[in-house]
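Asker: Please work out how this folds:
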Amino acid sequence: MIEPGSMDRLQAERHWMDSDLPAVDWQGNALSCSSCEHAELNAQGLCQLMRNCVHDRYAKRIDRFFSQHPALAVRYIDHPYFEVRAVAAKFLDVFHLNRLVSDVDETVRASVALRLPSHLLHKLIYDPDREVRIRVALRLPESELGSLLYDSDYYVRVIVARRIAPTQLFYLMHDADASVRREVAERIGMDWLPLLANDSAQEVCLTVIRRLPVAMLPAFRLDADWRIRFEVVLRIAPEFLADMSRDSDEAVAMAAVARLHPNLQSSVLTHPNEHKESVHGDQYRT
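Answerer: The predicted structure is shown next:
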């Protein structure tokens, strides 16, 4: 909840930050309203130095200018300063926005990727800049995400794994990056999920174990990793708990005892996460 008066303080701080920056253009030259093509707007108080000026080097001042005068954005799609073009892209109509798809600056193209209609996003699928492709991956229609399955950037593939149809996830099961495989493990169908149970990355294996049907958990109750056994003991069928109560790891054993005797009151039977902090020295991470 925002405290009374806090918004006023925030606005005051932003104004202070603005006023602390000189009114110079993108080349560092001092600005003057007397020679500006928007002198008439300035005379009407519709733009002013240090506040909202399209020629300022400071992006926020450029943004304020176009926010007040969006129709003027089209005049600046060829401006030499990339910040002007990037901010103008937020206000352009689709026809003129399309002209910036091949802009030389990745900041401009990233701005375009946020507004380009989804049916035109394919023009940026192979953009050389990862930030542009990330934005494309976030907005591209699900049916076209296959074009990014083998993108060179791991995070683009993470987004694809989060959004693509579950039936297409098997293409990413052997992805080189564990974070991608973990996303696959979160969503892939049960027919394929067990194939990831022995993944080389612990976080992938844990994700699999948390999703596996209870009937498949006994096969992992003797896993070498205590974290795997801990996830198993939380859901495994009761008939296996007695054996797991003798586990070599204290936290696993205690979790088994806690399930065997749910009414047992003991200071050592704490939440699993809290207990792992004392047993292993670092908090159990999920």
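
Asker: Can you give me the end-to-end span of stretch 115-135?
Answerer: Terminal residues of stretch 115-135 are spaced 10 Å apart (Cα to Cα, to the nearest Å).

Asker: Can you point out the buried residues in that stretch?
Answerer: 115-116, 121, 124-125, 127, 129-135 (16 or more other Cβ atoms under 10 Å). Yep, even glycine has a C-beta here, placed from its N, CA and C like the rest.

Asker: what's the farthest-apart pair in the residues you listed?
Answerer: Within those, R115 and R130 form the most distant pair, 19.0 Å apart (Cβ to Cβ).

Asker: and stretch 235-251, C-alpha only, in PDB?
Answerer: Output in PDB follows, covering the C-alpha atoms of stretch 235-251 (Å, rounded to 0.1, in the frame of the first residue of the first chain):
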ATOM      1  CA  ARG A 235       4.300 -37.900  -1.300                       C
ATOM      2  CA  ILE A 236       5.300 -41.600  -1.500                       C
ATOM      3  CA  ALA A 237       2.700 -44.300  -0.500                       C
ATOM      4  CA  PRO A 238       2.600 -44.900   3.300                       C
ATOM      5  CA  GLU A 239       3.900 -48.500   3.100                       C
ATOM      6  CA  PHE A 240       7.400 -47.100   2.200                       C
ATOM      7  CA  LEU A 241       7.600 -44.600   5.000                       C
ATOM      8  CA  ALA A 242       9.000 -47.000   7.600                       C
ATOM      9  CA  ASP A 243      12.000 -47.800   5.500                       C
ATOM     10  CA  MET A 244      12.500 -44.100   4.600                       C
ATOM     11  CA  SER A 245      12.400 -43.200   8.300                       C
ATOM     12  CA  ARG A 246      15.800 -44.900   8.600                       C
ATOM     13  CA  ASP A 247      17.300 -42.800   5.700                       C
ATOM     14  CA  SER A 248      20.900 -41.700   6.100                       C
ATOM     15  CA  ASP A 249      19.800 -38.100   5.800                       C
ATOM     16  CA  GLU A 250      18.200 -36.700   8.900                       C
ATOM     17  CA  ALA A 251      15.800 -34.400   7.200                       C
END
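
Asker: just use 189 as the starting number from now, easier for me
Answerer: Sure thing, new numbering starts at 189, so read that last one as stretch 423-439.

Asker: can you pull the contacts of the residue most central in space within the chain?
Answerer: Central residue check for the chain by Cα atoms, centre = their mean: the C-alpha nearest the mean position is that of I347, 8.0 Å away. By Cβ atoms under 8 Å, 6 or more residues apart in numbering, I347 lies in contact with I322, A325, L326, L336.

Asker: separation between it and L308?
Answerer: Separation of I347 from L308 (Cβ to Cβ, to the nearest Å): 19 Å.

Asker: What of P426?
Answerer: For P426, the distance to L308 (Cβ to Cβ) stands at 57 Å.

Asker: With only the CA atoms kept, save stretch 355-363 in CSV.
Answerer: Taking C-alpha atoms only, stretch 355-363 is exported to CSV below (Å, rounded to 0.1, in the frame of the first residue of the first chain):
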residue,chain,number,x,y,z
THR,A,355,2.8,-31.5,-27.5
GLN,A,356,5.8,-29.7,-29.0
LEU,A,357,7.9,-29.7,-25.9
PHE,A,358,9.7,-33.0,-26.7
TYR,A,359,11.8,-31.0,-29.1
LEU,A,360,13.4,-29.2,-26.2
MET,A,361,13.9,-32.2,-23.9
HIS,A,362,17.6,-32.4,-24.7
ASP,A,363,18.3,-28.7,-24.8
